[in-house]
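Participant: requesting a structural model of the entry that follows:
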Amino acid sequence: MALRPMLSELGCLPVSKLCCIPTANTVFKADGSPEKEDDRLLNQLPDMLTQLEWLAIAMKNQRARTEA
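Facilitator: Predicted structure coming up:
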């Protein structure tokens with residue numbers, strides 16, 4: 001949270017949805033799959049990833065329009 005203003009000044013576009021997984025090594029296995037499918041920390045991921053995907057597509061589309 002504290003880095004958001006600085007990242008914005010550097011030109012980064014952080015998404016507003018947060019996904020906090022303080023101990024990723026206990027939530028995910030070494031291959032990246034979840035230890036428990038119903039882990040409450042994983043409930044935050046879909047909204048954040050949806051917003052991140054939307055932002056990535058919007059930036060790609062804008063870049064394509066401005067480069068032509």
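Participant: and the closest residue to R4 other than its chain neighbours, how far is that from Q51?
Facilitator: Closest residue in space to R4, ignoring its immediate chain neighbours: P14 at 5.4 Å, by C-beta to C-beta, 6 or more residues apart in numbering. Placement of C-beta: from N, CA and C, glycine included. From P14 over to Q51 the distance is 10 Å, taken as C-beta to C-beta, to the nearest Å.
Participant: R65: neighbour count?
Facilitator: Residues near R65, counting by other C-beta atoms under 10 Å, number 8.
Participant: so it lies in a helix, does it not?
Facilitator: Yes: under DSSP: H, G, I helix; E, B strand; the rest coil, R65 sits within a helix.
Participant: per-residue pLDDT of it, please?
Facilitator: Looking at R65, its pLDDT stands at 92.
Participant: if we can go back for a sec, mind listing what the residue nearest to R4 touches?
Facilitator: 4, 7-8 (C-beta atoms under 8 Å, 6 or more residues apart in numbering).
Participant: now for the helix or strand bottoming out on mean pLDDT in the chain, which elements pack on it?
Facilitator: For the chain, counting by mean pLDDT, DSSP states H and E, helix 4-9 ranks last in confidence among helices and strands (a mean of 85). Judged by 3 or more C-beta pairs under 8 Å, 6 or more residues apart in numbering; DSSP states H and E, helix 4-9 is in contact with no other helix or strand.
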